[in-house]
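>>> Return a 3D structure for these sequence lines:
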Amino acid sequence: MSLRTSVLKNEDFRRLCLAQFTSLTATYAIYFASMALVEEITRSSAQMGLMIFSSTLPGLLFGLVAGVVVDRWERINVLVASNALRVLVALGFAAAIHILPQTHLLLAIYLSNFCLSAIIQFVASAEGATIPRLVEENRLLAANSLFNLSSLASQGAGLVVLAPLLLKVGGGEAVSLAGAVLCLVALIAVASLPREGSLRPREGRTLGRLWADLREGWRFIFSDRLVTLATFQLTLTSVLALVLSTLAPGFVARILGLEVADAVYMAVPIGVGFGLGIALVGRRGELMRKEGWISLGLLALGLSLAVLSFPRRASGLFLPLILGVTLALGLGFALVIVPAKTILQERPPAQMRGRVISAQLVLGNAASTLPIPLAGGLADLIGIRKVVFLVALITLAVGAISTSTAAKG
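Below is the predicted model of the structure:
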């Protein structure tokens, strides 16, 4: 019996995956509905940017606190409370669409997205810290591959299927009501998971103790070489993903000569490649150490970006080349993300996992804020293809360093 099959037979892990899938499907669907409403009401890119900002800001404001909460409180109760809050936010969003005039509805949209993103900080840390308790250590890599596959599927279900369909049938209200039902399903799924008891004493919950807890998480990250590398590598993939998202419209229009709307189709082979990478690591993870998979993924990312900087038009032989390269990009992302996340779950003590995971998430959010304007401005100055090639060289250099480090380890 394969490790993936064994993990799927774990009823508690299946419940956690169900909760993640349904709640993320609801969240992505509400995000999509929010974007559609903002565009319909304002026809303003600035207002759209404000909506996106309302979804990214909580990562910086709540990320580190989320890790402390997850380590000091019962993690299953954190998941139950978070999904209950998601139900309330979705119902409130539906009521706002039904009742409020358009000028006030914008504020409700920003507030709803802010709340959903803030809740995700606690959920992501709690889920990541709970998985190692539900599955055996030798099955952790397979479990993470399945969990990431569930996350990828939820994006497709929420953004591609549920939100567009319900927007046409019943508008934003229908999307938010369906989201409330899905979050309720998630709440029921996690409520039956076994508790582990509070990992930290309840006394001393002062600001001083909070600051000490935060420092403990960061101190552990920098005291463990593998955790330090995995944190940096995950942060790099976050930055790469945002840089590519920033450059994608201009690359499609100015380099490939296609319509800007066609940029969305570039995401399809990336998603397929990501799914293949998840399957590869989940089924054949024992073929090499996790550091080896990460190094392979970074090299695949760097080489793919280097090749992507050469085509000038999406025609002739260039079209299948571009599709193959974007598929390899998705594969590279998966080969880095799944093993690196597994390292962040395996290495820290159980009572510190939440802070380590949330610290990485905060670092990723913080490091991703500068590249968006920087990449866009640099592309206007020297050209998109040169920026893509520069990013490729940086990624290849990190991949080479990671390969050298993995060989020494």
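>>> Can you name every helix or strand that the helix or strand harbouring residue 63 contacts?
Assignment of secondary structure by DSSP states H and E places residue 63 within helix 45-72. With contacts taken as 3 or more Cβ pairs under 8 Å, 6 or more residues apart in numbering; DSSP states H and E, helix 45-72 sits against helix 11-42, helix 102-134, helix 207-223, helix 353-367. C-beta: built from backbone N, CA, C; applies to glycine.
>>> Can you list the buried residues in the shortest one?
Looking back up the chat, that one is helix 353-367. 353-365 (16 or more other Cβ atoms under 10 Å).
>>> Extract the C-alpha trace of stretch 170-181 and format it as CSV.
The C-alpha trace of stretch 170-181 is given here as CSV (Å, rounded to 0.1, in the frame of the first residue of the first chain):
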residue,chain,number,x,y,z
GLY,A,170,-28.0,34.8,-8.2
GLY,A,171,-25.3,37.5,-8.0
GLY,A,172,-23.0,38.1,-5.1
GLU,A,173,-25.6,37.2,-2.5
ALA,A,174,-25.8,33.6,-3.9
VAL,A,175,-22.0,33.3,-3.8
SER,A,176,-21.8,34.5,-0.2
LEU,A,177,-24.7,32.3,1.0
ALA,A,178,-23.1,29.3,-0.6
GLY,A,179,-19.8,30.3,1.0
ALA,A,180,-21.5,30.3,4.4
VAL,A,181,-22.8,26.8,3.9
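>>> Run through who's touching it.
26-27, 29-30, 32-34, 36-37, 86-87, 90-91, 93-94, 97-98, 162-163, 166-167 (Cβ atoms under 8 Å, 6 or more residues apart in numbering).
>>> Kindly recompute the last result at 6 Å.
Here stretch 170-181 makes contact (Cβ atoms under 6 Å, 6 or more residues apart in numbering) with 26, 29-30, 33, 37, 87, 90-91, 93-94, 97-98, 163, 166.
>>> Please work out the average pLDDT along whatever helix or strand comes next after the helix holding residue 63.
Following helix 45-72 in sequence order, the next helix or strand is helix 75-99 (DSSP H and E). Mean per-residue pLDDT for helix 75-99: 96.
>>> what helices or strands is helix 75-99 leaning on?
If you count contacts as 3 or more Cβ pairs under 6 Å, 6 or more residues apart in numbering; DSSP states H and E, helix 75-99 packs onto helix 102-134, helix 163-191.
>>> buried stuff in the shortest one?
Think helix 163-191. Result for helix 163-191 [16+ other Cβ under 10 Å]: buried residues 163-164, 166-167, 171-180, 182-187, 189-190.
>>> Same question for the longest one.
Applying a neighbour-count criterion of 16+ other Cβ under 10 Å, the buried positions in helix 102-134 are 105-106, 108-110, 112-132, 134.
>>> Closest one of the buried residues of helix 353-367 to residue 73?
Distance to residue 73 across the buried residues of helix 353-367 (Cβ to Cβ) is lowest for residue 354, with 9.3 Å.
>>> Now do the same contact list for the nearest residue to that closest one once chain neighbours are set aside.
The shortest distance from residue 354 to any non-neighbouring residue, by Cβ to Cβ, 6 or more residues apart in numbering, is to residue 70 (3.1 Å). Residue 70 is in contact with 78, 125, 126, 129, 354, counting by Cβ under 6 Å, 6+ apart.
>>> By pLDDT, rank the residues you listed and give me the bottom one.
residue 354 (87).
>>> what's the distance between that one and residue 117?
Using Cβ to Cβ, to the nearest Å, residue 354 is found at 18 Å from residue 117.
>>> Ok, residue 218 next?
From residue 218 to residue 117 the distance is 23 Å (Cβ to Cβ).
>>> now the helices and strands packed on helix 75-99 as a markdown table including distance to residue 74?
A markdown table is the format used below for the helices and strands packed on helix 75-99 (distance: least, Cβ to Cβ, whole Å):
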| stretch | distance to residue 74 |
| --- | --- |
| helix 102-134 | 10 |
| helix 163-191 | 11 |
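>>> Of the ones you listed, which is nearest residue 397?
Counting by Cβ to Cβ, residue 397 lies closest to helix 102-134 out of the helices and strands packed on helix 75-99; the figure is 28.5 Å.
>>> between that closest one and helix 45-72, how big is the angle?
With axes from the mean of the first three to the mean of the last three Cα atoms, to 10 degrees defining the directions, helix 102-134 sits at 30 degrees from helix 45-72.
>>> Could you check the pLDDT of the residue nearest to residue 354?
pLDDT, read off for residue 70, is 89.
>>> Please apply the same query to residue 208.
At residue 208, pLDDT is 59.
>>> Same question for the one 4 residues further on.
Looking at residue 212, its pLDDT reads 74.
>>> What of the one 4 residues further on?
For residue 216, the model assigns a pLDDT of 80.
>>> check contacts around it.
The contact partners of residue 216, by Cβ under 6 Å, 6+ apart, come to none.
>>> how close does it sit to residue 348?
For residue 216 relative to residue 348 (Cβ to Cβ), the value is 10 Å.
>>> cool, and residue 166?
In terms of Cβ to Cβ, residue 166 sits 40 Å off from residue 348.
>>> Many thanks, we can stop here.
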